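Engineer: Structure, please.
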Amino acid sequence: MRPDSVRRALRLGACAGAMAGLLTVGLALPAAADEPETDQLWISAPYEQGLPLGTDGGEPQARTLDLGMHHENSNFTVTDGRLTVDVSGLAGVAEVTWPDTCTPSGTTAVCVVPDVPVVGEGDHEQIQLEVRAADGATGGARGRITYEATATGGPDGVLVAESSATTLTVASGPDLSIRDEAPVGETEPGTTETIPFALSNKGNEAANGFTLTMYASYGLDFVSTYPECEYADVVPVAHATCTFDEVLAPGESFELPEPLKVAIEEHAFNERLDLSVEPGGGATDLWNDDNYVALQIGAANTADFAVRGAAVSGAAGDTVTARIAFRNKGPAWVGNLGSGEPVASVDLRVPEGTTVTGVPSGCYPLTLDGGYFPGSTGAPRYVCNLPYWVSESAKRTYAFKLRVDVVVPGASGAVVVRPEREDGFPFDPDGSNNSARLVVN
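Structural biologist: Below is the predicted model:
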């Protein structure tokens, strides 16, 4: 578990309220046997970008636009990606420096991506375009870069992307940037880690103070505390809001009064520390993308997911209550902080000779093969979703009411805890207790 500093990730602040779901572009699911395969080519480009004027009449600083291409369907190999970049809309606003991967001709250039990756795989920012405010440009000037793309591959042999654009705005103000640091590396529960943090102002005006916001996931605890910060816990996230009065002139940097340290708790597993900054005094930051970083911190730990079945009995016509249960036996907690998806589901197959007449909250009916079942009772199968996180000692009990229609001695149904999208739990050292039986009579 090698931690990485990830920008544009779902912020942990969302976990304190309702979890929002996936940030990433949805992957194309395999087509059914009677449906043709499809694929789609996409352009990755920022929607907008601020360009600072020069400081005290000096040369404006350059900004880098990260551009890329990707496609949806991993069943196809897509090559020879060609991104056409048109900068004719930047006249008098911005100047462009082309990378070696692009061949310019007048106000357009064709940039080549030999192998186009699938979304979620590989490098989606294959082209770095350098832009800066043009000489003589004034604050408020705006221009557009437009993009078109094609690639070889897909069901018809050629993929064409929807056009895209980036709006550039020349502006004056602070531009706070959190510096990307080397990964922390895998950690051990019960230890303390020092988190590198450095902030700089890349804008052309001073930042008159700033606010630093920190979110730490459940397996982390703030060891370093600062008088400028207010702290609060809303499990599974610890939150700190810090207000600093320091003035950061253009080009200046800031470091915390003492190193930022976090404790790796005994129940830690896949952790996140999110840091974000914004200038004070009501100022607007010129470019927000580098104001935020999400640091992934892995801990060498395991979590033992287990289910408990039940044994009930009754005569024909009786209604009995069967209580099945899930438990995390630890020592680690588990959370899907990035996606907000359930960490697992408890899957019940209804025993022969019985009918479900009462369904616990959070459980829904299915056919035996996982298809839609109308109504809420009487289904042959039920799935109960767990939350997007469970503590190291979490327990959930699901009480089903069963009507005994016919006495079938020893009738039983499987009770299984399973992940949402994978086979098995890589973090679970004991798969033997991932299943149990509900026995009737």
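
Engineer: from here on, contacts and neighbour counts on C-alpha atoms
Structural biologist: Will do.

Engineer: For the stretch 51-200 of the chain, just list every one of the strands.
Structural biologist: 63-71, 78-89, 94-97, 102-105, 108-116, 127-133, 142-152, 158-160, 164-171, 176-178, 192-195, 199-201 (DSSP state E, counting those that start in this stretch).

Engineer: Need the three-state assignment for the residue most central in space within the chain.
Structural biologist: Central residue of the chain (Cα atoms, centre = their mean): residue 338, 3.3 Å from the mean position. Under DSSP: H, G, I helix; E, B strand; the rest coil, residue 338 falls in the coil class.

Engineer: let's have the chain start at 422 instead
Structural biologist: Fine by me, first position is 422 from now on; the one you just mentioned is residue 759.

Engineer: Quickly note the distance from it to residue 693.
Structural biologist: To residue 693, residue 759 is 9 Å away according to Cα to Cα, to the nearest Å.

Engineer: do residue 593 as well
Structural biologist: Residue 593 sits 33 Å away from residue 693, taking Cα to Cα as the criterion.

Engineer: can you check residue 644 too?
Structural biologist: Taking Cα to Cα, one finds residue 644 at 15 Å from residue 693.

Engineer: More neighbours: which of these two?
Structural biologist: A count of neighbours by other Cα atoms under 10 Å puts residue 693 above the other of residue 644 and residue 693, at 25 against 15.

Engineer: Just say helix, strand or coil for residue 624.
Structural biologist: coil.

Engineer: Next, count neighbours for it.
Structural biologist: Applying other Cα under 10 Å, we find 30 residues neighbouring residue 624.

Engineer: so it sits right up against residue 594, yeah?
Structural biologist: Yes: here residue 624 reaches residue 594: they are 5.8 Å apart, a contact under Cα atoms under 8 Å.

Engineer: got the buried residues for stretch 849-862?
Structural biologist: 849, 855, 856, 857, 858, 859, 860, 861 (16 or more other Cα atoms under 10 Å).

Engineer: got the CA coordinates for stretch 678-695 in PDB?
Structural biologist: Extracted in PDB, the C-alpha atoms of stretch 678-695 (Å, rounded to 0.1, in the frame of the first residue of the first chain):
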ATOM      1  CA  PRO A 678       5.200  26.500  13.500                       C
ATOM      2  CA  GLU A 679       6.200  22.800  14.200                       C
ATOM      3  CA  PRO A 680       6.000  19.700  12.000                       C
ATOM      4  CA  LEU A 681       2.600  18.200  11.400                       C
ATOM      5  CA  LYS A 682       2.500  14.800  13.100                       C
ATOM      6  CA  VAL A 683      -0.300  12.300  13.100                       C
ATOM      7  CA  ALA A 684      -0.700   9.100  15.200                       C
ATOM      8  CA  ILE A 685      -1.300   5.900  13.300                       C
ATOM      9  CA  GLU A 686      -4.000   4.300  15.600                       C
ATOM     10  CA  GLU A 687      -4.100   0.600  16.400                       C
ATOM     11  CA  HIS A 688      -7.200   0.300  14.200                       C
ATOM     12  CA  ALA A 689      -5.700   2.200  11.200                       C
ATOM     13  CA  PHE A 690      -5.800   0.700   7.700                       C
ATOM     14  CA  ASN A 691      -6.300   2.700   4.500                       C
ATOM     15  CA  GLU A 692      -6.200   6.200   5.800                       C
ATOM     16  CA  ARG A 693      -6.500   9.700   4.300                       C
ATOM     17  CA  LEU A 694      -5.300  13.100   5.300                       C
ATOM     18  CA  ASP A 695      -6.800  16.000   3.300                       C
END
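
Engineer: Leaving out chain neighbours, which residue sits closest to residue 796?
Structural biologist: Distance criterion Cα to Cα, 6 or more residues apart in numbering; nearest residue to residue 796, sequence neighbours excluded, is residue 786 at 7.7 Å.

Engineer: quick one: low-confidence ranges for the stretch 522-671 of the chain?
Structural biologist: Applying pLDDT under 70 to the stretch 522-671 of the chain flags residues 543-545.

Engineer: run the last query once more with 50
Structural biologist: For the stretch 522-671 of the chain, no stretch has pLDDT under 50.

Engineer: secondary structure element for residue 799?
Structural biologist: Assigned by DSSP states H and E, residue 799 belongs to no helix or strand.

Engineer: so who does it touch?
Structural biologist: Applying Cα atoms under 8 Å, 6 or more residues apart in numbering to residue 799 gives the contacts 776, 777, 778.

Engineer: circling back: which one of the buried residues of stretch 849-862 sits closest to residue 688?
Structural biologist: Using Cα to Cα, residue 849 comes nearest to residue 688 of these, at 13.8 Å.

Engineer: can I assume the closest one sits in a helix?
Structural biologist: No: counting by three-state DSSP, residue 849 is not found in a helix; it is coil.

Engineer: quick revisit: what's the overlap in contacts for residue 624 and residue 594?
Structural biologist: 473, 707.

Engineer: ok, back up a step: between the strands of the stretch 472-621 of the chain, which one is nearest to residue 829?
Structural biologist: Among the strands of the stretch 472-621 of the chain, strand 484-492 sits nearest to residue 829 (Cα to Cα), with 53.0 Å.

Engineer: follow-up on the earlier one: save the strands of the stretch 472-621 of the chain as CSV, and put in mean neighbour count and distance to residue 640 too.
Structural biologist: Putting the strands of the stretch 472-621 of the chain into CSV (neighbours: other Cα atoms under 10 Å; distance: least, Cα to Cα, whole Å) gives the following:
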stretch, mean neighbour count, distance to residue 640
strand 484-492, 21, 33
strand 499-510, 20, 41
strand 515-518, 18, 45
strand 523-526, 15, 45
strand 529-537, 20, 37
strand 548-554, 21, 36
strand 563-573, 20, 43
strand 579-581, 17, 44
strand 585-592, 20, 39
strand 597-599, 25, 23
strand 613-616, 16, 12
strand 620-622, 21, 25
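
Engineer: between the ones you listed, which one is nearest to residue 698?
Structural biologist: Of all those, strand 597-599 sits nearest to residue 698, with 7.2 Å by Cα to Cα.

Engineer: which residue packs closest to residue 511, ignoring adjacent ones?
Structural biologist: Nearest one to residue 511, counting by Cα to Cα, 6+ apart, is residue 564 at 4.7 Å.

Engineer: Distance check, the one you found against residue 480.
Structural biologist: The value you get for residue 564 to residue 480, if Cα to Cα is used, is 19 Å.
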